[in-house]
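Dropping a prediction and its sequence here:
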Amino acid sequence: MLRLEPRPAAPAWLELATPVMAVIATMIAGGVLFALMGFDPVAAVRTIFWDPLFGPAASYSRPQLLVKAGPLILIACGLAVGFRAGIWNIGAEGQYIVGGLCGAAVALAAYPAEGAWIFPAMVLAGAAGGWAWGMIPAMLRNWFGASEILVSLMLVYVAQRLAAWMAFGPMRNPEGFGMPGSRNLQQYPSAANPELVAGTGAHWGVVAAALAVVATWFLMSRHIRGFHIRAAGLAPRAARFAGVSPAALVAFCLGLSGALAGMAGLFEVAGPGGQIIDSFGSGYGFTAIIVAFLGRLHPLGILLAGLLLALTYIGGELAQLTLQLPAATVQVFQGMLLFFLLAFDTLTRFRIRSARAMA
């Protein structure tokens, strides 16, 4: 029999190699899956991971890389702060949706007025909406000891129903001939989130994601609050003896991650999404969990992981068009990636030993 024996200390090279090994294992396992489905595995993997950057359609797909990566990185930065403290926000998708609703509400209330104040007000409203939605599990944990994992996850479904109600009711376009969905904010100049540099895909959401990476690095490595977060994650009891308030830390981490997710929702609805629809919500909040762990909860790692996961989105769409792969290809790849990441993470903390050798 084989047993897992805890390592005294994980080798630094193994921790750095784990995400790379997880990506390689995902490619191999994905190739096997494609072969079993009757597709050419080499062509499928190349289409997903190579063609979006260097293939015939690269001129279109490269700009989309930043469009997809922006919200993933922005949300993952907030999640990583909480995860480092042992505070598990699994409901960023709900905060993303509510942030988009709040930001869109400001634009629709101001329509058809024009002014430079509208878009900044939308950003603030999106952040406030996500913050408020994130504070619900924070307050329930602090006041009643409820699990923030369950509460934040269940609130995702509440947010989805709220978005559907808004699309069919208060936010429905009065000029939309009764169809569900709000006005298209891309056609409202003061509320639009356009491409800042032509041909790059960069909009204000990408700028916010870049700033979030820098701010998260500063918070975790140079600020006293970052020390409190790391201490609470490594030794909760010691952190309390050092004067760290668990309740304040829960409120800070869930509020911060909610605000960043809400901003991501606003940038999406004012940019690529364009409007509130009954199915608003792209799964970015869940995928950002993979991004955070694949990036080792480090801002630079999150930046690279966000680009990689965005590549799987774009490559999956390209594979659907060119190879007729099923639409669930991206989700399967992302699930495999998380599975292999967790598996290899286990090997960084434990070594495999035979029971006889341990005896």
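Received it, and whenever you're ready, just let me know what you need. Numbers count the residues shown, from 1 in each chain.

What residues of the helix or strand hosting residue 342 count as buried?
Using DSSP states H and E, residue 342 sits within helix 329-349. By neighbour count on 16 or more other C-beta atoms under 10 Å, the buried set for helix 329-349 is 329-330, 332-334, 336-338, 340-341, 344-345, 348. Backbone N, C-alpha and C define where each C-beta goes, glycine included.

same thing with stretch 164-184?
Of the residues in stretch 164-184, those with enough neighbours to count as buried (16+ other C-beta under 10 Å) are 164, 166, 167, 171, 172, 173, 180, 181, 182, 183.

picking that back up, quick one: list the elements packing against the helix holding residue 342.
Contact partners of helix 329-349 among helices and strands, from 3 or more C-beta pairs under 8 Å, 6 or more residues apart in numbering; DSSP states H and E: helix 12-36, helix 284-294, helix 299-323.

can you list those in JSON lines and add mean pLDDT and mean neighbour count?
Compiled in JSON lines, the helices and strands packed on helix 329-349 are given as follows (pLDDT from 0 to 100; neighbours: other C-beta atoms under 10 Å):
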{"stretch": "helix 12-36", "mean pLDDT": "87", "mean neighbour count": "16"}
{"stretch": "helix 284-294", "mean pLDDT": "93", "mean neighbour count": "25"}
{"stretch": "helix 299-323", "mean pLDDT": "91", "mean neighbour count": "21"}
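
out of those helices, which comes closest to residue 353?
For residue 353, the closest of the helices and strands packed on helix 329-349 is helix 12-36, at 16.3 Å, according to C-beta to C-beta.

relative orientation of the helix or strand following the closest one and helix 12-36 in degrees?
The helix or strand immediately downstream of helix 12-36 is helix 41-49, counting by DSSP H and E. Inter-element angle recorded for helix 41-49 and helix 12-36: 120 degrees (by axes from the mean of the first three to the mean of the last three C-alpha atoms, to 10 degrees).

What is helix 41-49 packed up against?
On a contact count with 3+ C-beta pairs under 8 Å, 6+ apart, helix 41-49 meets helix 12-36, helix 299-323.

can you do 10 Å?
helix 12-36, helix 299-323, helix 329-349 (3 or more C-beta pairs under 10 Å, 6 or more residues apart in numbering; DSSP states H and E).

Tell me the spacing between the residue nearest the centre of the chain and residue 348.
What sits nearest the mean C-alpha location of the chain, by C-alpha atoms, centre = their mean, is residue 288, with 2.3 Å. Here the criterion is C-beta to C-beta, to the nearest Å. By it, residue 288 lies 22 Å from residue 348.

now swap in residue 91 and tell me
Residue 91 sits 28 Å away from residue 348 when distances are taken as C-beta to C-beta.

now residue 161
From residue 161 over to residue 348 the distance is 40 Å, taken as C-beta to C-beta.

where does this structure dip in pLDDT?
Confidence mapping of the chain against pLDDT under 70 gives the ranges 355-359.

One more pass at 80, please.
Counting by pLDDT under 80, the low-confidence segments of the chain come to 1-5, 7-16, 57, 177-178, 281-282, 327, 329-330, 347, 350-359.

For residue 60, grab the count of nearby residues.
Around residue 60 sit 13 other residues, with neighbours defined as other C-beta atoms under 10 Å.

ugh, typo on my part, it should be residue 37
The local packing of residue 37 (other C-beta under 10 Å) involves 12 other residues.

and if you look at the one 5 residues further on?
Other residues near residue 42 come to 11 when the count uses other C-beta under 10 Å.

So it sits against residue 30, correct?
No - with the criterion set as C-beta atoms under 10 Å, residue 42 and residue 30 do not qualify as a contacting pair; they are 11.2 Å apart.

what ranges do the strands span in the stretch 151-300 of the chain?
Counting by DSSP state E, counting those that start in this stretch, the stretch 151-300 of the chain has no strands at all.

Which residues are in contact with the closest residue in space to residue 333 that isn't next to it in sequence?
Using C-beta to C-beta, 6 or more residues apart in numbering and skipping residues adjacent in sequence, the residue nearest residue 333 is residue 312, 5.1 Å away. With contact set as C-beta atoms under 10 Å, 6 or more residues apart in numbering, residue 312 has these partners: 23, 26, 30, 48-49, 52, 68, 287, 290, 319, 329-334, 337.

cool, and residue 259?
Contacts of residue 259 were listed using C-beta under 10 Å, 6+ apart, and they are 78, 95, 99, 124, 126-135.

same check, this time on residue 125
With contacts defined as C-beta under 10 Å, 6+ apart, residue 125 is in contact with 99, 101, 102, 103, 104, 105, 106, 107, 109, 262, 263, 266.

quick check, nearest of the residues you listed to residue 140?
When those are ranked by distance to residue 140 (C-beta to C-beta), residue 262 comes first, at 18.6 Å.

can I assume residue 249 is in contact with residue 239?
Yes - applying C-beta under 10 Å, one finds residue 249 in contact with residue 239, separated by 8.2 Å.

what is in contact with these two at once?
Both residue 249 and residue 239 are in contact with 85, 86, 228, 229, 231, 232, 233, where contact means C-beta under 10 Å, 6+ apart.

Which ones among those residues map onto helices?
Members of those lying in helices (criterion: DSSP state H): 228, 229, 231, 232, 233.

Which of those residues has the largest number of neighbours?
Neighbour counts for those, by other C-beta under 10 Å, peak at residue 229, which reaches 26 neighbours.

Is it correct that it is in contact with residue 246?
No - using C-beta under 10 Å as the test, residue 229 is too far from residue 246 to be in contact (11.5 Å).

so what's the closest residue to residue 175 other than its chain neighbours up against?
With sequence-adjacent residues excluded and distances taken as C-beta to C-beta, 6+ apart, residue 175 is closest to residue 183, at 7.7 Å. By C-beta under 10 Å, 6+ apart, residue 183 lies in contact with 104, 107-108, 111-112, 171-176, 191, 274-276.
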